[in-house]
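Trainee: only the shape, not the letters, is given here:
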């Protein structure tokens, strides 16, 4: 004996229980889909933000390397100001320590250096939090008292930039040996 006389669920109760289970089964995939969408959206936002930071670090290293390499004896003050504005840490200290001697060398040799970084000549090696390392290949045309006609130069540099107060600044600049 089943049913209300036997103390079991009525047909309406059984039907309601079945609909509750069906409703929960239908709701579960929707909840999973919403959860996945929210998670993917956050991951996408994080990836976009990371790519923007990568570009900012690469652009800063490129610009600051060009500023460091753009030398003109007729306006050494502008050269020094640009380099100092983009420098921090060891690089700022080393530049500050050598500034007077560098000034004299540039002016006495009437040095002019016009650098270019070819397309694809700068690449991000790595970025971790507030520090990034960038490889830069740079060409330059140099004239001075011993070279009246422009002389080509090529540089390979590893530039480390550090984020300080929201700005990417050069903290280290190293020449890379072509033979290495």
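Mentor: Great, that's in hand. Being a predicted model, the structure only gives us computed values, none of them experimental.
Trainee: does residue 150 sit in a helix, a strand or a coil?
Mentor: Of the three states, residue 150 takes strand according to DSSP: H, G, I helix; E, B strand; the rest coil.
Trainee: thought residue 140 was touching it, still the case?
Mentor: No - here residue 150 lies out of contact with residue 140, judged by C-beta atoms under 8 Å, at a distance of 9.1 Å. Glycine gets a C-beta too; all of them are placed from N, C-alpha and C.
Trainee: show me the common contact partners of those two, please.
Mentor: Counting by C-beta atoms under 8 Å, 6 or more residues apart in numbering, the common neighbours of residue 150 and residue 140 are residue 114.
Trainee: more neighbours: which of the two?
Mentor: residue 140 (20 against 13; other C-beta atoms under 10 Å).
Trainee: can you pull out the low-pLDDT segments for this structure?
Mentor: 1-9, 12-14, 41, 178-180 (pLDDT under 70).
Trainee: do that again at 90, thanks
Mentor: 1-48, 147-148, 177-180 (pLDDT under 90).
Trainee: who's in contact with the residue nearest the centre of it?
Mentor: Centre of the chain computed as the mean C-alpha position; nearest residue by C-alpha atoms, centre = their mean is residue 54, 2.2 Å away. Applying C-beta under 8 Å, 6+ apart to residue 54 gives the contacts 124, 127, 132.
Trainee: excluding its backbone neighbours, what's nearest the first one?
Mentor: Of all residues beyond its chain neighbours, the one nearest residue 124 is residue 58 (4.9 Å), with distances taken as C-beta to C-beta, 6 or more residues apart in numbering.
Trainee: surely that neighbour and residue 133 touch.
Mentor: No - using C-beta under 8 Å, residue 58 is not in contact with residue 133, being 10.4 Å away.
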